[in-house]
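Participant: please work out how this folds:
(2 chains)
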2 protein chains.
Amino acid sequence: MAITAALRPISTVVYSANRLTPSISSIHKPKTLLCSASLSNLVGSEAGVCLSVGTHLIPHPDKVEKGGEDAFFVSNHRGGVIAVADGVSGWAEKDVNPALFSRELMAHASSLVEDEEVNYEPRSLIRKAHAATTSIGSATTVVAMLERNGILKMANVGDCGVRIIRRGQIVFSTSPQEHYFDCPYQLSSEAVGQTFLDATVMTVELMEEDTVVMGSDGLFDNVYDTEILAVVDSCDSVADAAKALANLAHSHSKDSSFDSPYSQEARARGFDVPWWKKIMGMKLTGGKLDDITVIIGQVESSLSS
Amino acid sequence: MAITAALRPISTVVYSANRLTPSISSIHKPKTLLCSASLSNLVGSEAGVCLSVGTHLIPHPDKVEKGGEDAFFVSNHRGGVIAVADGVSGWAEKDVNPALFSRELMAHASSLVEDEEVNYEPRSLIRKAHAATTSIGSATTVVAMLERNGILKMANVGDCGVRIIRRGQIVFSTSPQEHYFDCPYQLSSEAVGQTFLDATVMTVELMEEDTVVMGSDGLFDNVYDTEILAVVDSCDSVADAAKALANLAHSHSKDSSFDSPYSQEARARGFDVPWWKKIMGMKLTGGKLDDITVIIGQVESSLSS
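Facilitator: Here you go, the predicted model:
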């Protein structure tokens, strides 16, 4: 099951793959035009920018019935909030559903977006959402909050990621945090896990028409940045772009001959096929089967709500 | 000629390869200890962090006598300011010394660090320094300014770069901006060039013991991120790390068999050896001869000046 979802100009909505929403639209409809090159030249105190958002989630092929273990939310607060959490699958070995933690984390985060103590800071949102989560499990997460003046504030724990595209090139990428290969930093129900203090906290000044691509590692392990650029460039809407990127990641993830970013990284870390296959000219290839979440946000002008 | 330089706790100094400074020390000596995980818990209003800086510049082998075309500066203002400019070499074909623009740009930037209108904003520093530069030519540049609260503010035009290392891994990287392969965005004396409005503007919240690695493309075209991590980890001081990284980049740049980041990128863009070499199993390899500038900044605690 795959879902495509984006926001009507209403309140926060949390998604996982077993919920469906029917339509795509901007978080705020554009009403004023800004000079994209100079965000400080706002047209009065009410003007600003916001995100037009499209999303798509494709669960791991073996986890379709339960909807997979990714969760995300989109909110229209201020310039827009987008976030992804990826439940760590290892919990299934302990008879814990790995989806519970990521879904509860996103549910709390979505309900806390306007919280005074959160103060519209992504790290604070992670802190309070994590503290409120009672499920057993762990998850990677990335949160991005857009201010009306174009400042995108981000906090990242683990290997979800963000790319920012401006005029056809990637001008910003997050870097994954990990303990070792395939073991990312993660918020956890256990004391051994990471916390908001381990988040990488960053801002980028966005311009109108910038595109924000957020995803779980299921996207970035299976799709190269050059492919992300090409797909986004070829799509007419954020919804189409999210769907096309998720589908490309899904297709690559099932292709055992595709030399994916994941298999390249694995080889760089010393993982490979056995020696007798190597001397036959073979190497470790293939995509990585995983839940795949893609959120695309395009920066548009808007009036302040 | 190679130079190793860092700051005494004095005012701003501009370097290019034909100036030498004799000693290495912190911009500010550490005096108080902060909790590295919680930069908001400052010990009173005076406490904060600053950069301990080491630098090293190795000119292109053919440009040693003139000192190459890179320039940089380091300032002890607030938490510390570091910046690199890389003169675009194509100007030599027009009988213009490509070093003049980059050196003048950095000289103006260093003198404007405390300027009120600059307001300690890297993009504003680029704007005013560019406006003040009268030399013919063009340059890529990156500027990073550390606030005492740990916020590193950056503006980047072109393919100089920054990496931030935390607990042995890269948690932040800049992305180069370019028109096409080997033609980066550049501040220019000509109207066709880029301006401060084209800068990618970012912040990252630093923690004590984070390491900031800034360099011209001569570093990042010749040295992989994994090598940067290994070298920084193996060095006892920021000065040693800057020198070791510049030497590694220089060594790779002269090695025609080294499969450098530059040659990998070239192949990915479709550049390669002729077909008759390909069928002999050969491929485009080699480092990229270039000026190499490395600035290493380590985050330390300090008292406010």
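
Participant: for chain A, which element, helix or strand, carries the lowest mean pLDDT?
Facilitator: strand A:3-5 (a mean of 45; mean pLDDT, DSSP states H and E).

Participant: pull the longest helix from chain A.
Facilitator: Counting by DSSP state H, the longest helix found in chain A is helix A:238-253.

Participant: just the CA atoms of that one, as PDB, please.
Facilitator: The C-alpha trace of helix A:238-253 is given here as PDB (Å, rounded to 0.1, in the frame of the first residue of the first chain):
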ATOM      1  CA  VAL A 238       5.200  18.500  -5.100                       C
ATOM      2  CA  ALA A 239       2.800  15.600  -4.900                       C
ATOM      3  CA  ASP A 240       4.000  14.100  -8.100                       C
ATOM      4  CA  ALA A 241       7.600  14.600  -7.100                       C
ATOM      5  CA  ALA A 242       7.100  12.800  -3.700                       C
ATOM      6  CA  LYS A 243       5.400   9.900  -5.400                       C
ATOM      7  CA  ALA A 244       7.900   9.600  -8.200                       C
ATOM      8  CA  LEU A 245      10.900   9.700  -5.800                       C
ATOM      9  CA  ALA A 246       9.300   7.100  -3.500                       C
ATOM     10  CA  ASN A 247       8.500   4.900  -6.400                       C
ATOM     11  CA  LEU A 248      12.000   5.200  -7.700                       C
ATOM     12  CA  ALA A 249      13.400   4.400  -4.300                       C
ATOM     13  CA  HIS A 250      11.000   1.400  -4.100                       C
ATOM     14  CA  SER A 251      12.000   0.200  -7.500                       C
ATOM     15  CA  HIS A 252      15.700   0.400  -6.700                       C
ATOM     16  CA  SER A 253      15.300  -1.200  -3.300                       C
END
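
Participant: for chain B, what are the nearby residues on the stretch 101-250 of chain A?
Facilitator: A:166, A:169-175, A:177-178, A:197-198, A:200-205, A:226 (Cβ under 8 Å from any Cβ of the partner chain). Any C-beta I mention is one placed from the backbone N, CA and C, and that applies to glycine too.

Participant: so of the residues you listed, which ones are in strands?
Facilitator: A:166, A:169-174, A:178, A:200-205 (DSSP state E).

Participant: which among those residues gets closest to B:V273?
Facilitator: Nearest to B:V273 among these is A:Q169, at 26.8 Å by Cβ to Cβ.

Participant: neighbours around the residue nearest to that closest one when sequence neighbours are not counted, how many?
Facilitator: Distance criterion Cβ to Cβ, 6 or more residues apart in numbering or on different chains; nearest residue to A:Q169, sequence neighbours excluded, is B:Q177 at 6.5 Å. Using other Cβ atoms under 10 Å in any protein chain shown, B:Q177 has 22 other residues around it.

Participant: contacts only, for B:Q177.
Facilitator: Residues counted as contacts of B:Q177 (Cβ atoms under 8 Å, 6 or more residues apart in numbering or on different chains) are A:Q169, A:V171, B:N156, B:V157, B:G158, B:D159, B:P184, B:Y185, B:Q194, B:D198, B:T200.

Participant: now it: how far from B:P184?
Facilitator: Remark: distance between B:Q177 and B:P184 (Cβ to Cβ, to the nearest Å) = 6 Å.

Participant: quick one: common contacting residues for the two?
Facilitator: Shared between the contact lists of B:Q177 and B:P184 (criterion: Cβ under 8 Å, 6+ apart) are residues B:G158, B:D159.

Participant: and the residues of the stretch 101-250 of chain A next to chain B, which are buried?
Facilitator: Buried subset of these (neighbour count, 16 or more other Cβ atoms under 10 Å in any protein chain shown): A:166, A:170-175, A:177-178, A:198, A:200-205.

Participant: how is chain A divided into domains?
Facilitator: A:3-253+A:291-303, A:255-288 (automatic domain parsing).

Participant: quick check: mean pLDDT across the last one?
Facilitator: Averaging pLDDT along domain A:255-288 yields 89.

Participant: for chain A, give me the ranges with low pLDDT.
Facilitator: A:1-47, A:303-305 (pLDDT under 70).

Participant: redo that, cut-off 90
Facilitator: Scanning chain A for pLDDT under 90 picks out the ranges A:1-47, A:268-284, A:302-305.

Participant: where do the helices of the stretch 51-200 of chain A begin and end?
Facilitator: Counting by DSSP state H, counting those that start in this stretch, the stretch 51-200 of chain A has helices at residues A:98-111, A:122-132.

Participant: neighbours of the residue lying closest to A:E190 once chain neighbours are set aside, how many?
Facilitator: Nearest non-adjacent residue to A:E190, counting by Cβ to Cβ, 6+ apart: A:S138, 7.2 Å away. A:S138: 27 surrounding residues under other Cβ under 10 Å.

Participant: hey, what's A:S138 bridged with?
Facilitator: Legend: beta-bridge partners of A:S138 under DSSP bridges are A:S188.

Participant: tell me how far it lies from A:L245.
Facilitator: 26 Å.

Participant: could you do A:T140 as well?
Facilitator: Taking Cβ to Cβ, one finds A:T140 at 19 Å from A:L245.

Participant: how about A:H179?
Facilitator: In terms of Cβ to Cβ, A:H179 sits 28 Å off from A:L245.

Participant: repeat that for A:E114.
Facilitator: According to Cβ to Cβ, A:E114 stands 30 Å off from A:L245.

Participant: and the helices in the stretch 201-305 of chain A, which stretches?
Facilitator: A:217-220, A:225-234, A:238-253, A:261-268, A:275-278.

Participant: so which elements touch the third one?
Facilitator: Using 3 or more Cβ pairs under 8 Å, 6 or more residues apart in numbering or on different chains; DSSP states H and E, the elements in contact with helix A:238-253 are strand A:3-5, strand A:47-58, strand A:211-215, helix A:217-220, helix A:225-234, strand A:292-303.

Participant: tell me which of these is the most buried.
Facilitator: Stretch with highest mean neighbour count among the helices and strands packed on helix A:238-253: helix A:217-220 (a mean of 29; mean count of other Cβ atoms under 10 Å in any protein chain shown).

Participant: same for it, what does it pack against?
Facilitator: strand A:161-166, helix A:238-253, strand A:292-303.

Participant: now the shortest one and strand A:200-205, what's the angle there?
Facilitator: Direction vectors for strand A:161-166 and strand A:200-205, defined by axes from the mean of the first three to the mean of the last three Cα atoms, to 10 degrees, enclose an angle of 10 degrees.

Participant: now strand A:161-166 against helix A:225-234, angle please.
Facilitator: 50 degrees.

Participant: what is the orientation angle of strand A:161-166 with strand A:292-303?
Facilitator: Using the same axes, to 10 degrees: strand A:161-166 against strand A:292-303 is 40 degrees.

Participant: now strand A:161-166, how far from the centre of its chain.
Facilitator: 10 Å (Cα atoms, centre = their mean, to the nearest Å).

Participant: do the same with the second one
Facilitator: Once both centres are worked out by Cα atoms, centre = their mean, helix A:238-253 turns out to sit 13 Å from its chain's centre.

Participant: what residues sit buried inside that helix?
Facilitator: Residues of helix A:238-253 classed as buried by neighbour count (16+ other Cβ under 10 Å): A:238-250, A:252-253.
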